[in-house]
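Student: make a model of this:
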Amino acid sequence: MSPVSDILVWTFLSEVPIPDDVKDLLVEGEEAVAAYKTFRDSAIFTSKRLIVRDAQGLTGKKVEIYSLPYSSIVMWSTENAGRFLDINAEVELWTRAGHIKINLNKGVDIRKFDKLIANALLK
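Tutor: I've put the predicted structure just below:
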């Protein structure tokens with residue numbers, strides 16, 4: 001992983017069903033809420049955190065798992081050009097660990113995504 005001062009960038013391609021094997025990562029009382037396909041794996045929003053699984057290497061057997069507790073996010077922003085003009089949208093998260101940028105492909109509903117973050121952080 002790069003130093004925390006660098007920006008971490010993820011791209012979410014589309015919303016997908018929650019993978020069955022995510023249950024192995026959850027703690028007691030934690031529930032998976034939504035999942036998004038990344039280039040090689042998936043990102044899962046739970047009731048407590050964002051989990052991003054990143055398959056690495058040629059075979060994809062090595063997997064790095066990022067776990068971002070919602071309590072570490074201090075601010076977020078969303079940016080898009082509107083429904084018809086935008087090919088992708090951007091979400092930025094400012095956290096205690098650093099700055100994270102999430103690119104959302106056209107198939108991801110930016111307003112639904114924004115509401116998912118708001119529900120996670122403001123409830």
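
Student: all helices of this protein, in order?
Tutor: Secondary structure of the chain (DSSP state H): helices located at 110-122.

Student: buried sites along stretch 93-100?
Tutor: 93, 95, 100 (16 or more other Cβ atoms under 10 Å). Where you see a C-beta, it was placed from the backbone N, CA and C, and this is true even at glycine.

Student: try stretch 48-58
Tutor: Neighbour-count burial for stretch 48-58 [16+ other Cβ under 10 Å]: 48, 49, 50, 51, 52, 53, 54.

Student: list the contacts of it.
Tutor: For stretch 48-58, contacts defined as Cβ atoms under 8 Å, 6 or more residues apart in numbering pick out 10, 22, 25, 27, 30, 38, 40-44, 61-70, 120.

Student: try stretch 109-123
Tutor: Contacts for stretch 109-123 (Cβ under 8 Å, 6+ apart): 12, 15, 33-34, 45, 47, 50, 70, 73, 76, 78, 80, 86, 89, 91, 93, 104.

Student: alright, I will stop here.
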